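Student: Model the following, please.
(one chain, ligands or ions: 1)
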Amino acid sequence: MAKQTIPNRIILPEEQIPRQWYNIRADMKDAVPPLLNPGTREPLKEEELYPIFCKALAHQELDDATRFVDIPEEVYACYKTFRPSPLHRAYRLEQLLDTPARIYYKFEGNNTSGSHKLNSAIAQAYYAKAEGMRGLTTETGAGQWGTALAMACAYFHLPLTVYMVKGSYEQKPYRRGIIQTFGAEIIPSPSDTTNVGRAILAEHPTTTGSLGCAISEAVEKAVTTPDTRYVLGSVLNQVLLHQSVIGLEAAAALALVDEYPDIVIGCAGGGSNLGGLAAPFLRDKLTGKAAPRILAVEPASCPSFTRGKYVYDFCDTGKVTPLAKMYTLGSGFIPAANHAGGLRYHGMSPILSKLYHDGWLEAVSYEQTAVFDAATTFAKVEGILPAPESSHAIRGAIDEALKCKESGEAKTILFGLTGTGYFDMMAYEQFLSRTMTDHVPTDEELAENFPED
Ligand SMILES: *Cc1c(COP(=O)(O)O)cnc(C)c1O
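Tutor: As a prediction, the model looks like this:
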């Protein structure tokens, strides 16, 4: 084994938690296409977002110009309870793969919510409280976002209603329990508490729900309840902005050990962890300072980047949200019932979509058995039980490291380990008992939901 001159875990001093978020849009030569009002198809004005988002967040959503945004003191104080997150050098994984590559991963699962989502949850809850809101609504699929936001709302004493995709609600009682412990109300979606929920139930009475449908319900609830706003844990520009703390810390920690990534890899659901991790490296790429490869890894059963269309689409099934130009499988798309690996959203961050369209980042997809194979391999050598979502990035990193073994190149690989998988043991059990199956949608299946150009 190579002599370990670099520590297993590189932990920045607390003073190096970023004081500002970085807004990648300020360095993009071609602007991200604007959100559109679905009625007029005109670009949305900030005021039009005020019924949905609180003002500071509506501003961040549309702000293409401000490069660095100050992190409010109260948010910073919360960040200090779990940041900086560690950057690990995966010595034991490198040894197992017998690769000359140096593999690093930024681990965001070290907080009770178990994922990176807390970085944005705290910011969104803070601004809502600061603007005098009396409640928030949101949706959650696998449950990480609902948990993170419930924690954040508990910090800021804000009531929260979580619409949880019914399938997850039924399969993950402990997830529910944590969200309730932090004081949030939780409603399985679709529900009879909203018009859109009732309409979906009338048409599909036995549906187990979808993220897109839970979003419609949460938005409707927010706009029809006084002093209540809606918050979303991924996809949005504001969320990528908040998640830039991941990348800023990772870049600083790598610099401490004189490293710079040749490849940055992240799993991609709505794009927030990858957008955050890759932000400073994409900045170097956009400004011509360096040329790292940026790689998104997604499930073959929900392949927004690799098989989606780059068009304007709704962010939700009920078509109550603004239109965003993004890689999408169509707002009616629901992954096959056997899909257990998360990352099931139909669309993709408009920022990452634009960058992908323009060739600044690449994407690959994997079937879920290959992803769980990587997850169990990683768990055994690195001693962390990864979330299924994160395991897509592990799969991508392992395959890049194996390519280095072929070519003999000692590349530096950085990937995002976004969270832990303690609530996903049903999926792990399916994999271990070999009852997990793969499903790759056919072109005909995908065509059923594509929006028109
Ligand atoms: C939500 C989630 C993801 C996917 O969301 P992105 O916005 O694409 O980052 C990935 N990993 C974990 C652990 C998550 O909770």
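
Student: surely S390 meets A397?
Tutor: No: at 10.5 Å, S390 and A397 do not qualify as touching, with contact defined as Cβ atoms under 8 Å. (Glycine included, C-beta is placed from N, CA and C.)

Student: Name the residue in these two with the higher neighbour count.
Tutor: S390 (34 against 29; other Cβ atoms under 10 Å).

Student: quick one, what contacts that one?
Tutor: S390 sits next to G109, C267, G416, L417, T418, G419, G421 when contact means Cβ atoms under 8 Å, 6 or more residues apart in numbering.

Student: May I ask you to confirm that it belongs to a helix?
Tutor: Yes: going by DSSP: H, G, I helix; E, B strand; the rest coil, the assignment for S390 places it inside a helix.

Student: Up against the ligand, what does the stretch 251-400 of the chain have?
Tutor: Residues of the stretch 251-400 of the chain lying close to the ligand by Cβ under 6 Å from any ligand atom are C267, A268, G269, G270, G271, S272, N273, L343, A387, E389, S390.

Student: Can you get me a residue count around the closest residue in space to the last one that isn't next to it in sequence?
Tutor: Ranked by Cβ to Cβ, 6 or more residues apart in numbering and with sequence neighbours excluded, the top spatial neighbour of S390 is T418, at 4.4 Å. As a burial measure, the neighbour count of T418 was computed by other Cβ under 10 Å and equals 33.

Student: how does the chain divide into domains?
Tutor: Following the assignment in automatic domain parsing, the chain carries domains at 9-17+83-114+244-447, 20-70+117-230.

Student: could you dump the ones you listed to TSV with mean pLDDT?
Tutor: Listed next are the domains of the chain as TSV, based on pLDDT from 0 to 100:
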stretch	mean pLDDT
domain 9-17+83-114+244-447	96
domain 20-70+117-230	96
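
Student: Please render these as TSV that adds distance to Y76 to the earlier fields.
Tutor: Formatted as TSV, the domains of the chain follow (distance: least, Cβ to Cβ, whole Å):
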stretch	distance to Y76
domain 9-17+83-114+244-447	7
domain 20-70+117-230	9
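
Student: among these, which is nearest D453?
Tutor: Of all the domains of the chain, domain 9-17+83-114+244-447 sits nearest to D453, with 5.2 Å by Cβ to Cβ.

Student: Show the contacting residues for the closest residue to V257 other than its chain neighbours.
Tutor: In this structure, V257 finds its nearest non-sequential neighbour in I6, 4.8 Å apart by Cβ to Cβ, 6+ apart. With contacts defined as Cβ under 8 Å, 6+ apart, I6 is in contact with R89, V257, E259.

Student: Could I have the PyMOL command that selects the buried members from those?
Tutor: The PyMOL selection below is limited to those of the contacts of I6 classed as buried (16 or more other Cβ atoms under 10 Å):
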select buried, resi 89+259
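
Student: Among the contacts of I6, which one sits closest to the ligand?
Tutor: R89 (20.9 Å; Cβ to the nearest ligand atom).

Student: who does the closest one bridge with?
Tutor: Beta-bridge pairing of R89, defined through DSSP bridges, involves Y104.

Student: my guess is it contacts T5, does it?
Tutor: No: counting by Cβ under 8 Å, R89 does not reach T5; the two are 10.1 Å apart.

Student: Buried residues, stretch 23-36. List them.
Tutor: In terms of neighbour count (16+ other Cβ under 10 Å), stretch 23-36 has its buried residues at N23, I24, R25, M28, V32, P33, P34, L35, L36.

Student: With distance to M151 as added columns, please give these in CSV.
Tutor: Conversion of these to CSV gives the following (distance: Cβ to Cβ, whole Å):
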residue, distance to M151
N23, 25
I24, 27
R25, 28
M28, 32
V32, 30
P33, 34
P34, 32
L35, 28
L36, 34
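
Student: nearest to the ligand, of these?
Tutor: Minimum distance to the ligand across the buried residues of stretch 23-36 is 14.6 Å, recorded for I24 (Cβ to the nearest ligand atom).

Student: Contact partners for the closest one?
Tutor: L240, S244, G275, A279, L282, R283, L286, I351.

Student: Repeat the analysis, applying 7 Å as the threshold.
Tutor: A279, L282, R283, I351 (Cβ atoms under 7 Å, 6 or more residues apart in numbering).

Student: which pair in these spans the largest distance?
Tutor: The two members of the contacts of I24 with the most space between them (Cβ to Cβ) are R283 and I351, at 12.4 Å.

Student: Comparing the two, which shows the higher neighbour count?
Tutor: Of the pair R283 and I351, I351 is the one with more neighbours under other Cβ under 10 Å, namely 26 against 21.

Student: right, and the helix or strand after the helix or strand hosting that one?
Tutor: Using DSSP states H and E, I351 sits within helix 350-357. In the C-terminal direction, the helix or strand that comes right after helix 350-357 (DSSP H and E) is strand 362-366.
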